[in-house]
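1. can you look at this prediction? I've put the sequence above it.
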Amino acid sequence: MGEDTDATPTLNHRGFLPDHNYVTEADIISTVEFNHTGELLATGDKGGRVVIFQREPESKTEPFSQGEYNVYSTFQSHEPEFDYLKSLEIEEKINKIRWLPQQNAAHFLLSTNDKTIKLWKVSERDKRPEGYNLKDEEGRIKDLSTVTSLQVPVLMPMDLMVEVSPRRVFANAHTYHVNSISVNSDYQTYMSADDLRINLWHLDITDRSFNIVDIKPANMEDLTEVITAAEFHPHHCNLFVYSSSKGTLRLCDMREAALCDKHSKLFEEPEDPSARSFFSEIISSVSDVKFSHSGRYLLTRDYLTAKVWDLNMESKPLETYQVHDYLRSKLCSLYENDCIFDKFECAWNGSDSVIMTGAYNNFFRMFDRNTKRDVTLEASRESSKPRAVLKPRRVCAAGGKRRKDDISVDSLDFTKKILHTAWHPNENIIAIAATNNLYIFQDKLNSEMH
Amino acid sequence: MIMKGQKRKHPPEEVDVSDRSSPMWESQRQFVFSVSLNKYHHSQGLPEPSLRRSVLIANTLRQVSLEAFAAPSVDMEASPPPCSSSSGLLESVFTAKHHPAETFSNSHSALVSCPTVSLNGLSYCAPASNAHMSVKDEDEDWGSISTDSDFSLSAVISSILTALDSTIDGSSQAAPRTPLRSLENLPAPTDGGVGWVKQGFRGYGGGWEQQEEGRARESSTELMRCSYLSELTVEDLFQDIDSSLLEMDMGVLGLLGSGGGCPTGDDLLRYLPPFSSSPSHPFSLSLNQNLKCLPSLSSFGPLSSSSSSPTCLSSPPFSSQNHGLDLEHLMEILVES
């Protein structure tokens, strides 16, 4: 693949304890998302907090040094709640963050936990008015008798202050756990998907939403399939796709009917009877679906593979990439320790030529669709000194021929999983969430990639 | 995650599953079955298990059990077919027995094994005595089971497994906090019904009608509803309830309430708010003194105190003594009917 990636200093914004083996559960990063320009990067964690990083503008003195990401703002998005009716606690874990396209000086993002979606406004304040007539510098009301002349307050620069305020709270629309949110290209609506239903919201209206997909059966005993992810088409505001636990993708057109239970297109790969196992269904469950930037392709991730689909071809995927096929013989153990239920995300690069997804042992993989080359990299402190070039890793089968630095399948650490990754919309900058650490890797300037 | 006390078996590595005659296939099938059952039991203890995970486990359990009976002739070559499937079931009973905290496991394990025994015409109480057997010995005991009953057995077992499936997800029944409490103040009987829909036991009114339906099917219907339904809001419940379903539910419990039927139904009745009794005693136990208290429903707490059932429990920790009592009683009921 030829890509050399720099490691910028690991941004562990949690203030963690020196003993790295101890991970506060609240600090586990649960979602990562760049905004539409790539200037801002938002992360959500299990404790309901959102941390926004901003890319520093490139320094004029060093024209070839690329901007680094520093903490821009931190706020508590969701608090743990208690559902009194069901006697259940609602987790504050942030499941997804989606940025709205920027329309004015402020930034807006949607963040969601299992039940409630919130719209946050992130704005800067770097000037403040000074020279009031009625108030003095400390804010006390002036004695009017001392006011002899009128002045116009002037705006004076002040230290940058980032203010975050909740603008909308979209609550009480989901019985099941929200797994996806997606902003429509009309910039007025967005959808939220839980296990069985998808709702359409208007960004300005919080007290009602339209249900557009409902796969809940009349008898719950007939339930065999749930919705796992959903996304709007990047350009066509009437199209969206949702994936299921049975490995199917459904493209729906909102113009056809108010309730999009009937799909326009069904993308499903026929099962290979020779590869059938007891876990065929579980490993076919799609954990993430992403439209390409062009809108022409779909990228899906199931347990062992990543697939690229052409919207015009429903019968089978265009390309299938084996992410960690060496796990195919370990499915029994992975089922036993629940790892088989891990939901990995996937990402496109800006030009839709490379796809990326995470794996175990803090490995993540990138596949170049054109050259068919792929690389496995590791996101860990030991292998990521600042400015160091990441070394490609290789996993070999147990007992197989081992090269130096190879790692055997049996030595993989299944507790270190890279579930959440994001790719800058334009440049080769990627954000990798490894448990409670965030790694940001940038491509070296003289890379021969793409 | 292997539960404490469970015999740690080396997971059989992936084999070509299309080759059913392979002994590895059978051992893998049994392994998957027992692990799936354990996962289901474990999720019972969780306040709100993931629906996706539960559905996937349920589908796997269903597939494994169906495949077990899909090719009985093949199974015979590998090992006595009833043995393999039944032993798989008994395995689950045994493994379940190792987890006293998982109160529901025993009831279901008993349910799983009882029809096996009754359908096969054996009159002895297999689970109780088998409790002392090692996992490997069970094959010998089942050697006498005729293969004729395999298909009926499979039908029963799959329906029971669907029952198990239903309780896999979203169910908070086993949680120490009783969601029922939040509905205690609702006026009966409608709210009692709502409350029971809340718990997924839709068939609350059924104890008072008599209908003949497959008992395993009914229990499966019941249990299926409970776990998936626990996530519903009250508004959903009202919308979802319609009379046709209610009638079927009532039939379920009608069957169960008659002649002792399936213990599951009995236990459900036990915890149901009385359909006809005064609202001030939402959980009166006067309806049916013969009802047994299934450990799975013990999470509904204080109902057990005045029960006449010796096996009634009021807290999730489940003593092994009650295990035996329950199973014996279940066996008697099934054999009688």
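-> Sure thing, it's come through. Owing to the predicted nature of the structure, the values given are computational and were not obtained by experimental measurement.
2. if I look at A:A258, how far off is B:L37?
-> If you measure A:A258 against B:L37 using Cβ to Cβ, to the nearest Å, the figure is 42 Å. Quick note: C-beta positions are derived from backbone N, CA and C, even for glycine.
3. how about A:Y297?
-> 41 Å.
4. and what of A:T112?
-> 34 Å.
5. got it, and B:Q30?
-> The separation that B:Q30 has from B:L37, given Cβ to Cβ, amounts to 11 Å.
6. now do A:R394
-> Computed with Cβ to Cβ, the distance linking A:R394 and B:L37 is 38 Å.
7. and these two? Which one has more around it.
-> A direct count of neighbours by other Cβ atoms under 10 Å in any protein chain shown for A:R394 and B:L37 places B:L37 higher, at 27 against 13.
8. show me what the strand or helix carrying that one is packed up against.
-> Secondary structure here is read from DSSP states H and E; on that basis B:L37 sits in helix B:23-45. In this structure, helix B:23-45 makes packing contacts with helix A:331-336, helix B:51-70, helix B:72-78, helix B:81-97, helix B:103-119, helix B:150-166, judged by 3 or more Cβ pairs under 8 Å, 6 or more residues apart in numbering or on different chains; DSSP states H and E.
9. out of those, which gets the lowest mean score?
-> Within the helices and strands packed on helix B:23-45, the stretch with the lowest mean pLDDT is helix B:103-119, showing a mean of 37.
10. check contacts around A:H233.
-> Taking Cβ atoms under 8 Å, 6 or more residues apart in numbering or on different chains as the criterion, A:H233 is in contact with A:S185, A:L239, A:F240, A:V241, A:F291, A:G295.
11. for the second one, phi and psi?
-> A:L239 has phi and psi values of phi -110, psi 140 when expressed as degrees, to the nearest 10.
12. leaving out the residues flanking it, which one is nearest to it?
-> Excluding the flanking residues, the one nearest A:L239 by Cβ to Cβ, 6 or more residues apart in numbering or on different chains is A:H233, at 3.8 Å.
13. got it, and the third one?
-> Counting by Cβ to Cβ, 6+ apart, the nearest residue to A:F240 once its immediate chain neighbours are dropped is A:F232, at 4.7 Å.
14. and that neighbour, how many neighbours?
-> The local packing of A:F232 (other Cβ under 10 Å) involves 24 other residues.
15. that one: what's it in contact with?
-> Taking Cβ under 8 Å, 6+ apart as the criterion, A:F232 is in contact with A:S182, A:V183, A:N184, A:S185, A:Y190, A:M191, A:L239, A:F240, A:F291.
16. got a markdown table for those, with secondary structure too?
-> Formatted as a markdown table, the contacts of A:F232 follow (DSSP: H, G, I helix; E, B strand; the rest coil):
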| residue | secondary structure |
| --- | --- |
| A:S182 | strand |
| A:V183 | strand |
| A:N184 | coil |
| A:S185 | coil |
| A:Y190 | strand |
| A:M191 | strand |
| A:L239 | strand |
| A:F240 | strand |
| A:F291 | strand |
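17. for the record, mean pLDDT for the strand or helix carrying A:L160?
-> Using DSSP H and E, A:L160 falls within strand A:154-170. Regarding strand A:154-170, the rounded mean pLDDT is 94.
18. let me know the secondary structure of the most far-flung residue of chain A relative to its centre.
-> With Cα atoms, centre = their mean as the measure, chain A has its most outlying C-alpha, relative to the mean C-alpha position, at A:S145: 59.3 Å. The assignment at A:S145 comes out as helix when based on three-state DSSP.
19. now the one 4 residues further on
-> Per three-state DSSP, the secondary structure class of A:S149 is coil.
20. tell me the phi and psi of it?
-> Torsion angles, degrees, to the nearest 10, at A:S149: phi -140, psi 160.
21. again, but for A:Y326
-> Main-chain dihedrals, A:Y326, degrees, to the nearest 10: phi -70, psi -10.
22. that one and A:P129, how far apart?
-> For A:Y326, the distance to A:P129 (Cβ to Cβ) stands at 63 Å.
23. neighbour count winner among those two?
-> A:Y326 (18 against 10).
24. where exactly do the helices run in the stretch 151-300 of chain A?
-> Under the criterion DSSP state H, counting those that start in this stretch, the stretch 151-300 of chain A contains helices at A:280-284.
25. residues of it that sit close to chain B?
-> Residues of the stretch 151-300 of chain A that fall close to chain B, judged by Cβ under 8 Å from any Cβ of the partner chain: A:175-177, A:195-196, A:219-221, A:223-226, A:228, A:245, A:273-274, A:276-279, A:281-282, A:285.
26. thank you, goodbye.
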